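In: heads up, no residue letters with this:
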């Protein structure tokens with residue numbers, strides 16, 4: 001099981017995957033927006049998205065859980 005956390009304070013601009021989706025290492029899970037920059041959040045491991053903890057429009061803080069991949 002791998003947890004994916006936000007690396008900075010940002011807005012969730014776009015959610016690319018959903019719960020149950022199969023992802024490969026390096027796939028984009030969500031795209032964050034901060035200071036007019038788009039920051040992709042990538043899967044660090046291959047697996048299935050077990051939990052997605054954010055929705056488009058959410059504001060995440062540094063360290064917030066974005067997704068769990070099993």
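Out: All right, it came through fine. From a predicted model like this one, the values you see are computed outputs, not experimental measurements. Numbering: from 1, shown residues only.

In: Okay, residue 24 and residue 54: tell me how far apart.
Out: Relative to residue 54, residue 24 is positioned 20 Å away (C-beta to C-beta, to the nearest Å). In short, each C-beta sits where N, CA and C put it, glycine included.

In: Between these two, point out the one with more neighbours.
Out: Under the neighbour definition other C-beta atoms under 10 Å, residue 24 and residue 54 were set side by side, and residue 54 has more, 20 against 9.

In: And the pLDDT for the spatially closest residue to the more buried one that is not a sequence neighbour?
Out: Here the nearest residue to residue 54 in space, its sequence neighbours aside, is residue 12; by C-beta to C-beta, 6 or more residues apart in numbering that works out to 4.8 Å. Per-residue confidence at residue 12 stands at 98 (pLDDT).

In: Give me the neighbour count for residue 12.
Out: Here the count is done by other C-beta under 10 Å, and residue 12 has 20 residues near it.
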